[in-house]
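Visitor: give the three-dimensional model of this entry:
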Amino acid sequence: MARLMTRRDPAKRHHVAAMHGLRALAVGLATFVAGAATLASSATAAASADPLYAGVGRADITPPTGYYMMGWVSADGLVIGQNTRLYARALVLREGTRKLALVAEDLNGIPGGVLSEAAKLLAKRGFNEQNILDSATHTHAAPTSFYPFTTYDSVAPTINHPTGLHSGVDAQLYAFEARQLASAIARADDDQAPAVAGWGQTTLLGITQNRSIEAELADYGVLLTRGQGSPANDPFGYADTIDPNVDVLRVDKLIGGRRVPIGMWSQFADHGTVNKVNFTYYNGDHHATADRVVEASLRQAAARALAGPTRCQRIRLRARVLRRCSTPRLVPLTQDIENVYGNSDEGDISAGLTRSGPAAANYVGDAEASAFLAAWRQAAGSMSNSPTLDWRWTRTCFCAQQVAGGRVDSSPQFGLPAITGSEEGRGGLSGLLSNSTTDFNFEGDHLPVDVGVQGDKLPNPEGAVGSLPHAGAQMVLRVGDRLIVSIPGEMTEQMGRRVRAAVLSAVGPGAGISAVVISGLANEYISYFTTPQEYEQQHYEGGSTLFGEFSSNLLEQTLVDLARRLVSAGPAPAPYPYDPTNGQAIDPSPFPQGSSTATATAQPAAVERLQRASFSWQGAPKGYDRPLDRAFVSVAHLITTRRVIVGRSSARRGRRVHTTRRVTTMSAWQPVDDDLGLDFVWSVTDSGVYSALWQVPIDAAPGSYRFQITANHYTLTSQPFAVSVSHTLALAAVPVPGGRIAVSIDYPTPVINQDLVTRPLQASGGQVTFDLGAQPVVVRQASGTTFSLPVPSGTAVSVPAGGAQDIYGNTNATPLSLR
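Guide: Here you go, the predicted model:
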């Protein structure tokens, strides 16, 4: 877990030096000017094309508690509360009569039936299932029980919960998810305004790993048993074992002649499995941080780029002093900014093999956000107010079709490797068959020879519980010089490479297409899609590829055909007639709105920074009290201000002037954090007792705070509690050349499933008081993690308790004797 803490969450409140902010300001202004020039040239080049209109929107898709988490297939994964909200984020693009919605949802997969029902609600707006691309983030902490093909509503028994399998659709949840998806798209549709768009691309290495490396190596003829392979065995190295591509479609509105960022559609391949099944709270995994950091950063960047230096910043620049100036908010607060981040070819790619818990997910999301923002800045040079916008859609049935390599099956079938789960956290029957010393699984187990279209798969002898889809929708979209191709499930990264190469080759160099981007887990969920070589290895992904060894080749064949038809202006092939709802009826009744009153049951106690304050109260069960789209649990800080009022009066005689001074003190509670962000987790019991925890940020102002609960039908305020600086920092000796002594100030290691956000390994900047006997010596520095000074040989040196402070005033409780 050493890598877990190397970066601080930039979504938190910042104390950033003005010089750093001004450097960022200069970059932002240069980007703005360059983008304006590009906009002018692109407008001239495409004067006859329809101008682009765009809008963004989101809707809260977090349901009540009490559902099982989708993805772990485990009866241990019963949701008891919320860490981060689940959202549907939408970007609508329109040119003339052509209108398209790009959506990402904090779900494990996208049921085609939910998309179909949402499209019906949007029909009057000109939407249908053929002009909506909806990708799941693949968080494993979203609900099950709303998939019309009910195998995906199943959970397996575990040692802790040795009950039978559950399978069934909650019609109320099914309708809720469809309504909220429609709401997100409708809000984006209402937000439309003239816009520009352009693509940026970068790579991100060191965050993800291939969890089935031996299967991946089989693509190169390297055949190793499970547990024997490593990225070093790949002829092209580590980067070839993952998909490092970061693709961003940047969209800015044109408001008053200015470009105003409203967000991006972004893609990166990374499983949502950093948080494991034992963290039983709704959460977006690493996507939650990536989205919030990007959105906050774009709002700040917009203010800098559009405003130019303020008077305060110009003064600070001349004086070269490190003080922060306020940044004007020129992006209206009513304007949404959205990072529409779904997923790509993440089938065998994960950041969760060596990381667990929300603090680790925060670290991963921070790294993703940095990459997205780098690609977003790069896109400034390619913005256009009339990018080519077109698409083709169809629905394909597996239906024993002949494809390259052989035939696909007509019936879906899971293999034994699928029913014991993957490397990040075994699920399914592994929960009954494993123990603390044995990881029981069927990965790598297969038949000695191929048998029919399912090849060497060891079939699950009990078959699938419930039903599975046998057809899925696919799209090819063109936005500018890129094609987006959709995959109705989880494709492995090597198969993703093959699909991208095949589609790019099919359209040819004359089509003006520079790259192909995969949108995975899109518009339907039909499990996994491996290469034929990976399938033969029968790791988890191969055992979860439902229609046989050549399943992926059918998807590739369909996408190649759609791409050719698109660039040649041909029609899409007729879709296979199919009901993605599987006949599932909806229950349009809304969920209950909870209690009308509440009573506190436990008050918060005093805490230090980095600790967790708590508050409990009695309300309604299942989280029914929580409102949609607005904060439920928040924390406010008591702000006290002093005001000096100066008065003057003249005496009638002698004309003497009297000056009076009166000091008034005003106090008010100012909200500082809420459960729409990353710092909270709350749970609720079956009897309706809520418990909320707030992780106090590393730089929270000391003073008095209180919880504020804003439910559907009541408000409740806790008693005040005190927040003070942290005393949990530790000192460590740092080796330095002779004649010097040095220490670092180390932050405590985040505790898995307790700490909600990450923090640095060490303090950068601060001060250390060294006790050399005669008198203390204070070493102060604005940055850097090593605090050093020269010390004569033989001199005793120590740092007392409270002798070290980071830049926020946090300190150490334990002294350190150096010699």
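Visitor: tell me the domain boundaries of the chain?
Guide: Using automatic domain parsing, the domain parsing of the chain gives 60-205+242-309+349-369, 388-435+450-463+470-576, 599-724, 730-817.
Visitor: mean neighbour count, these: which tops it?
Guide: Most buried of these, by mean neighbour count (mean count of other C-beta atoms under 10 Å): domain 60-205+242-309+349-369, with a mean of 23. Heads up, the C-betas are built off the backbone N, CA and C, glycines and all.
Visitor: what about that domain, average pLDDT?
Guide: The average pLDDT within domain 60-205+242-309+349-369 is 95.
Visitor: quick one, which of the domains of the chain is nearest to residue 51?
Guide: Of all the domains of the chain, domain 60-205+242-309+349-369 sits nearest to residue 51, with 6.1 Å by C-beta to C-beta.
Visitor: please report the distance of residue 394 from residue 596.
Guide: Here residue 394 is placed at a distance of 51 Å from residue 596 (C-beta to C-beta, to the nearest Å).
Visitor: coming back round to it: among the domains of the chain, which comes closest to residue 585?
Guide: Between residue 585 and those, the shortest separation by C-beta to C-beta is 5.9 Å, and it involves domain 60-205+242-309+349-369.
Visitor: now the residue sitting nearest the centre point of the chain, nearest residue through space, not along the chain?
Guide: By C-alpha atoms, centre = their mean, the mean C-alpha position of the chain lies nearest to residue 287, the distance being 0.9 Å. In space, and not counting its chain neighbours, residue 287 is closest to residue 137: 4.4 Å by C-beta to C-beta, 6 or more residues apart in numbering.
Visitor: list the contacts for the one you found?
Guide: Neighbour list for residue 137: 104, 105, 106, 107, 272, 284, 285, 287, 341, 342, 343, 521 [criterion: C-beta atoms under 8 Å, 6 or more residues apart in numbering].
Visitor: mind checking which of those residues are in strands?
Guide: 104, 105, 341 (DSSP state E).
Visitor: turn those into CSV, columns for distance to residue 671.
Guide: Below are those laid out as CSV (distance: C-beta to C-beta, whole Å):
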residue, distance to residue 671
104, 28
105, 28
341, 27
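Visitor: so which of these would you say is closest to residue 702?
Guide: Checking the ones in strands among the contacts of residue 137 against residue 702 with C-beta to C-beta, the nearest one is residue 341 at 35.7 Å.
Visitor: pretty sure that closest one sits against residue 372.
Guide: Yes: between residue 341 and residue 372 there is a contact under C-beta atoms under 8 Å: 7.3 Å.
Visitor: overlap of the contact sets of these two?
Guide: Shared contacts of residue 341 and residue 372, defined by C-beta under 8 Å, 6+ apart, comprise 266, 268, 290, 294.
Visitor: what is the nearest of these to residue 162?
Guide: Proximity of the shared contacts of residue 341 and residue 372 to residue 162 (C-beta to C-beta) peaks at residue 290, which lies at 37.2 Å.
Visitor: and the closest one, what helix or strand is that in?
Guide: Secondary structure assignment for residue 290, by DSSP states H and E: helix 286-307.
Visitor: just checking, what packs against that helix?
Guide: Contact partners of helix 286-307 among helices and strands, from 3 or more C-beta pairs under 8 Å, 6 or more residues apart in numbering; DSSP states H and E: helix 18-45, strand 258-267, strand 338-341, helix 358-378.
Visitor: what residue, apart from its backbone neighbours, is nearest residue 701 spatially?
Guide: residue 637 (6.3 Å).
Visitor: next, the one you found: secondary structure please.
Guide: Assigned state for residue 637: strand (three-state reduction, DSSP: H, G, I helix; E, B strand; the rest coil).
Visitor: contacting residues for residue 424?
Guide: Contacts of residue 424 were listed using C-beta under 8 Å, 6+ apart, and they are 211, 271, 273, 276, 350, 352, 353.
Visitor: restricted to strands, list those.
Guide: Those of these lying in strands (DSSP E): residue 350.
Visitor: OK, contacts around the spatially closest residue to residue 405 that is not a sequence neighbour?
Guide: Counting by C-beta to C-beta, 6+ apart, residue 405 lies nearest to residue 550, which is 4.5 Å off, once chain neighbours are set aside. Shown in contact with residue 550 (C-beta under 8 Å, 6+ apart): 403, 404, 405, 406, 407, 408, 453, 532.
Visitor: now for the residues you listed, which pair is the farthest apart?
Guide: Comparing every pair within those by C-beta to C-beta identifies 404 and 453 as the most remote, at 13.9 Å.
Visitor: show me the helices in the stretch 1-150 of the chain, by range?
Guide: 18-45, 112-121 (DSSP state H, counting those that start in this stretch).
Visitor: lowest average confidence across those helices, which one?
Guide: If those are sorted by mean pLDDT, helix 18-45 sits at the bottom with a mean of 37.
Visitor: which SS state does the nearest residue to residue 407 once chain neighbours are set aside fall under?
Guide: Computed as C-beta to C-beta, 6+ apart, the closest residue to residue 407 that is not its neighbour in sequence is residue 453, at 5.2 Å. Here residue 453 is helix, with the state taken from three-state DSSP.
Visitor: what residues are up against residue 453?
Guide: Residue 453 makes contact with 400, 406, 407, 408, 409, 547, 548, 549, 550, according to C-beta under 8 Å, 6+ apart.
Visitor: from residue 533, how far off is the second one?
Guide: Taken as C-beta to C-beta, the spacing of residue 406 relative to residue 533 amounts to 13 Å.
Visitor: swap in residue 196?
Guide: Plainly put, residue 196 is 43 Å away from residue 533 if you go by C-beta to C-beta.
Visitor: just residue 715 next, same as before
Guide: Distance of residue 715 to residue 533, given as C-beta to C-beta: 60 Å.
Visitor: residue 717 now?
Guide: For residue 717, the distance to residue 533 - C-beta to C-beta - is 61 Å.
Visitor: residue ranges of the strands in the stretch 451-600 of the chain, please?
Guide: Using DSSP state E, counting those that start in this stretch, the strands of the stretch 451-600 of the chain run over residues 471-479, 482-486, 490-491, 515-519, 528-529, 599-602.
Visitor: thanks a lot, catch you later.
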